[in-house]
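Novice: Predicted coordinates and the sequence they were generated for:
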Amino acid sequence: MSDAPLSVLFGALLVLIILSAFFSGSETGMMSLNRYRLRHLAEKKLRGAQRAQRLLERPDRLIGLILIGNNFVNILASSIATVIALRLFGEAGIAIAAGLLTLVILIFAEVAPKTVAALHPERVAFPASAVLMLLQRLLYPLVWAVNMLANGVLRVIGVSAEQAPSHSLSSEELRTVVNEAGALIPRRHQEMLLNILDLEKVTVEDIMVPRNEVVGIDLEDEWEDILEQLVHCQHTRLPVYRDSIDDVVGVLHARNVLSLLGTSVFDKEQLIGLVREPYYVPEGTALHRQLLNFQRSRRRIGLVVDEYGDIQGLVTLEDILEEIIGEFTTDVSALSRDIHPQDDGSLLVDAGVTIRELNRLEGLDLPTDGPKTLNGLVLEYLEDIPEAGTSLKLAGYPIEIVQTTGNAVKTVRIQPRLDD
């Protein structure tokens, strides 16, 4: 080497710096690849992605290969730079060469290529994977020996290189991915995906129609009243009971009685014969589980019961679907009658409305992990039945009790949230 012309030495030094930049950039690019996008591209038969995926199956071998190459070219570059410095400056040139080479490698072979690779990992990693695959075959014995020694050290401290970390995402991590998708996913679709992720957190108790609002057919009513109810009912399926919802006979599909309405032979006995046995749902059932249960049992409506078997309300398949895609039935108009926006920006609200619906329709952030209705939330906070005119602050929202009944809050006024 000492007899080689300076031009050859400078040329070799330049090539080594380029190789060092290649190894540094390829390392950052390979490790910065999005594993889910990489899997998707590999399934689409993109060769660069397939090569990168194979290399990343054993990251210890990949890192060993890159570091062998990088350290080799850096040490060789340092040796050549020392020879050049001795020829040009004598003994004093060694320090000059060390300083200049460190600066050059730091800028051109480390920071710059790694920054480019971090910003554009696929554009760097996919072409580099072809070279790395070739080098891995050529240097396999050396890479294997280095990895065996390194893995032995890791085993001493309790780390196994064969146990690759799991890349599965939790629901909260999936939520972050959906939120950060930006323009890649339309906002409406983002909301639906987020609602699907929420299904496992929400139970049927959160969305059920409470028992005092369940519309059904009471067999103890006069037959003329029952016929009138069937003619004008807005619901497709109706619970049928005797005197009280606690004594349920079954569920009637309105379609089954259309052809019989107005005929002289249609009576209560025929009506009972058309009733299907009731389907019960425990109040703590998660929505994603109940959705599957409805599908498996081919049901669209269920009566929600508590731990004692008492009926608490009613839940339908449509209620669960609305949790995913939003309101799509005429129930929105019914809810709008419970919520009245005022000119001063406040809301006059029927306290029987559910907190989830209030939050959804008005963009509020009232807590949903406790009572299900606004009345329940106020009573839990005050631990008493308040009088009209009582004011309180819940989750940052000033609330005024406008009207009460004997045992519940009837109407409240909600002011805009105050900044903490």
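Specialist: Done, it's in. Numbering: from 1, shown residues only.
Novice: the helices in the stretch 51-200 of the chain, which residues?
Specialist: In the stretch 51-200 of the chain, helices defined by DSSP state H, counting those that start in this stretch lie at 59-89, 93-104, 112-119, 121-138, 140-156, 171-179, 187-198, listed in chain order.
Novice: For residue 52, which of those is the nearest?
Specialist: For the helices of the stretch 51-200 of the chain, proximity to residue 52 was assessed by C-beta to C-beta; helix 121-138 is nearest, at 4.6 Å. Every residue, glycine included, has its C-beta placed from N, CA and C.
Novice: Residue 194 contacts residue 181, doesn't it?
Specialist: No. Judged on C-beta atoms under 8 Å, residue 194 makes no contact with residue 181 at a distance of 10.8 Å.
Novice: Checking residue 49 next. Helix, strand or coil?
Specialist: Of the three states, residue 49 takes helix according to DSSP: H, G, I helix; E, B strand; the rest coil.
Novice: Point out where the stretch 151-300 of the chain drops to low pLDDT.
Specialist: Judged against pLDDT under 70, the low-scoring parts of the stretch 151-300 of the chain cover residues 160-168, 262.
Novice: at 90 instead, please
Specialist: Low-confidence segments of the stretch 151-300 of the chain, defined by pLDDT under 90, are located at 151-203, 205-214, 221-236, 243-244, 253-273, 284.
Novice: wait, doesn't residue 302 sit right on residue 313?
Specialist: No. Residue 302 is beyond contact range of residue 313, at 9.8 Å (criterion: C-beta under 8 Å).
Novice: so what's in contact with the two at the same time?
Specialist: With C-beta atoms under 8 Å, 6 or more residues apart in numbering applied, the contact sets of residue 302 and residue 313 do not overlap.
Novice: Just the pLDDT for residue 336.
Specialist: According to the model's per-residue confidence, residue 336 sits at a pLDDT of 52.
Novice: spatially speaking, which residue is in the middle of the protein?
Specialist: When C-alpha atoms, centre = their mean is applied to the chain, the residue found nearest the centroid is residue 175 (2.5 Å).
Novice: Name the nearest residue to it, sequence neighbours excluded.
Specialist: residue 197 (5.6 Å; C-beta to C-beta, 6 or more residues apart in numbering).
Novice: quick one, what contacts the one you found?
Specialist: Shown here is residue 197, whose contacts under the criterion C-beta under 8 Å, 6+ apart are 171, 174, 175, 178.
Novice: farthest pair in those residues?
Specialist: 171 and 178 (10.4 Å).
Novice: These two - which one has more neighbours?
Specialist: residue 178 (18 against 12; other C-beta atoms under 10 Å).
Novice: For burial, what's the neighbour tally of the residue lying closest to the more buried one once chain neighbours are set aside?
Specialist: Spatial nearest neighbour of residue 178, chain neighbours left out: residue 193 (4.9 Å); criterion: C-beta to C-beta, 6+ apart. Number of residues near residue 193 (other C-beta under 10 Å) recorded here: 18.
Novice: Distance-wise, check residue 193 relative to residue 204.
Specialist: Residue 193 sits 21 Å away from residue 204, going by C-beta to C-beta, to the nearest Å.
Novice: shaky segments in the stretch 1-150 of the chain?
Specialist: By pLDDT under 90, the low-scoring segments of the stretch 1-150 of the chain are 1-10, 34-37, 39-40, 45, 57-61, 64, 79-102, 139-150.
Novice: domains in the protein, as residue ranges please.
Specialist: Listed domain ranges for the chain are 6-156, 170-199, 208-317, 331-414 (source: automatic domain parsing).
Novice: would CSV of those with distance to residue 324 be doable?
Specialist: Supplementary listing: those in CSV, determined by distance: least, C-beta to C-beta, whole Å:
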stretch, distance to residue 324
domain 6-156, 23
domain 170-199, 5
domain 208-317, 9
domain 331-414, 12
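Novice: do you know which of the ones you listed lies nearest residue 325?
Specialist: For the domains of the chain, distance to residue 325 was read as C-beta to C-beta. The smallest value, 5.8 Å, belongs to domain 170-199.
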